[in-house]
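Enquirer: any chance you could fold what I've pasted below:
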Amino acid sequence: MPVYRDWDRLPALIAALAAQDRRDFELVLVDNEPGAGNPVPSLPDPGVPVRRVPCARPGAYAARNAGAARARGALLVFTDADCLPAADWLRRMARAAAEHPGRILAGPVDMLARPDPGAWEIFDTVRGIPQHVFLRRGYAATANLALAAALFARLGGFDPARLSGGDAEFCRRARGRGVTLHLVPGARVAHPARRCQADLARKARRIKGGQVASGPWPGRIAWILRSLAPPLREALAYLVSPYPAAWRLTACRIRLLLWGTELAELGRLLILRQPPERR
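Expert: Residues are numbered from 1 along each chain as shown. I've put the predicted structure just below:
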């Protein structure tokens with residue numbers, strides 16, 4: 001798990017890992033800002049070995065590579081500092097790895113909203129992290145991803161230069177080498193929905209930076225052109241989602257607002273030549 005200024009979220013995550021019904025694992029926390037003096041809260045004891053690995057190179061994918069290089073297990077399982085794995089998560093991933101060797105495994109990511117969410121939280125819930133949709137497109141999010149350590153090494157790990165979108169690039173590179181992806185429906189993690197504009201705007205900027213500031217130029221140009229068009233296809237997906245009508249309309253409205261954020265980020269990256277967002 002890469003950690004960048006999110007140490008305050010770790011107690012909930014580690015409590016969820018302490019409740020795992022399979023205990024033969026280690027926890028590798030990758031400090032993606034070593035030496036910054038970030039306050040580390042008192043963490044619960046998960047009952048398994050915990051190691052804090054430094055990674056000075058910016059970006060969660062560089063951090064994941066650093067953690068994978070230090071991991072001692074045969075199976076690598078990735079999640080994020082703000083996720084809450086179900087108690088049977090690791091057991092189900094390990095069983096799927098034994099039943100489907102040589103594959104990249106992905107589990108569902110369930111968005112959690114409060115009983116009376118605001119507009120931004122509603123949007124993040126409706127948008128979600130739909131792993132089953134991602135898998136149809138040939139990739140999966142690292143919020144809930146697993147594969148054999150030997151396979152990860154053979155594929156060369158994540159692209160450490162990417163600050164966003166490295167999971168998609170990794171999975172598509174793996175598929176190009178004949179590796180298939182497999183959904184593990186029971187291996188679930190929860191993800192609290194983002195509650196404020198600042199958090200969602202930051203994510204929008206980070207994703208846009210990953211699309212247009214890294215990777216081969218043909219793909220970057222395609223993303224630039226696509227970014228200039230209103231996100232109508234995404235809004236249509238919200239309109240046909242199973243959520244209440246008011247939530248669907250709210251999600252469409254917020255998505256249009258975030259499109260403005262993305263256009264501003266394009267100008268910041270391409271015209272002002274400023275560095276991409278890393279959080």
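
Enquirer: what ranges do the helices span in the stretch 51-200 of the chain?
Expert: 60-70, 89-99, 119-127, 131-136, 149-155, 166-176, 197-212 (DSSP state H, counting those that start in this stretch).

Enquirer: same list (these) but as a markdown table, adding mean neighbour count.
Expert: The C-beta positions use only the backbone N, C-alpha and C, and glycine is treated the same way. Below are these laid out as a markdown table (neighbours: other Cβ atoms under 10 Å):
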| stretch | mean neighbour count |
| --- | --- |
| helix 60-70 | 22 |
| helix 89-99 | 19 |
| helix 119-127 | 22 |
| helix 131-136 | 16 |
| helix 149-155 | 16 |
| helix 166-176 | 19 |
| helix 197-212 | 20 |
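
Enquirer: mind listing what A106 touches?
Expert: Q131, F134, L135, A140, A141, N144, L145, A146, L181, H182, L183, V184 (Cβ atoms under 8 Å, 6 or more residues apart in numbering).

Enquirer: what of R72?
Expert: R72 touches E26, counting by Cβ under 8 Å, 6+ apart.

Enquirer: just the buried residues from the contacts of A106, in PyMOL please.
Expert: PyMOL command restricting the contacts of A106 to the buried ones, with burial defined by 16 or more other Cβ atoms under 10 Å:
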select buried, resi 131+134+135+140+141+144+145+146+181+182+183+184
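
Enquirer: go through the contacts of A106 and name the one nearest A74.
Expert: Checking the contacts of A106 against A74 by Cβ to Cβ gives A146 as the nearest, at 11.1 Å.

Enquirer: my guess is the closest one contacts T79. True?
Expert: No. Using Cβ atoms under 8 Å, A146 makes no contact with T79, being 9.4 Å away.

Enquirer: in contact with R70, which residues?
Expert: V28, R51, V53.

Enquirer: against A16, how distant is it?
Expert: Separation of R70 from A16 (Cβ to Cβ, to the nearest Å): 22 Å.

Enquirer: any idea how far the residue nearest to A140 when sequence neighbours are not counted is from H100?
Expert: Leaving aside its chain neighbours, A140 sits nearest to A106 (3.4 Å; criterion: Cβ to Cβ, 6 or more residues apart in numbering). In this view, A106 and H100 are 11 Å apart by Cβ to Cβ.

Enquirer: again with C83
Expert: 22 Å.

Enquirer: residue ranges of the strands in this protein, please?
Expert: Secondary structure of the chain, counting by DSSP state E: strands at 2-3, 27-31, 50-54, 75-78, 84-85, 104-106, 109-112, 145-148, 181-183, 189-192.

Enquirer: partner strands of the last one, with direction?
Expert: Okay, so that is strand 189-192. strand 84-85 (antiparallel), strand 109-112 (parallel) (DSSP bridges).

Enquirer: deepest of these, which one?
Expert: The highest mean neighbour count among the strands paired with strand 189-192, using mean count of other Cβ atoms under 10 Å, belongs to strand 84-85: a mean of 21.

Enquirer: was I right to think S241 contacts V126?
Expert: Yes. Contact criterion Cβ under 8 Å: S241 and V126 qualify, at 5.8 Å.

Enquirer: overlap in contacts of these two?
Expert: R248, A251.

Enquirer: who touches stretch 3-21?
Expert: 1, 27, 29-33, 38-48, 50, 60, 63, 79, 81-91, 278-279.

Enquirer: I'd like to know which of those residues are buried.
Expert: 1, 27, 29-33, 46, 60, 63, 79, 81-86, 88-91, 278.

Enquirer: got any ranges where the stretch 1-150 of the chain has weak pLDDT?
Expert: Scanning the stretch 1-150 of the chain for pLDDT under 70 picks out nothing.

Enquirer: same thing but at 80, please
Expert: 37-41 (pLDDT under 80).

Enquirer: re the thing from before, what residues do A106 and H100 have in common as contacts?
Expert: With Cβ under 8 Å, 6+ apart, A106 and H100 have common neighbours H182.

Enquirer: A229: which of the helices of the stretch 51-200 of the chain is closest?
Expert: The nearest among these, by Cβ to Cβ, is helix 197-212 at 13.5 Å.

Enquirer: which secondary structure elements does that closest one sit against?
Expert: Here helix 197-212 touches helix 119-127, helix 217-227, helix 245-270, going by 3 or more Cβ pairs under 8 Å, 6 or more residues apart in numbering; DSSP states H and E.
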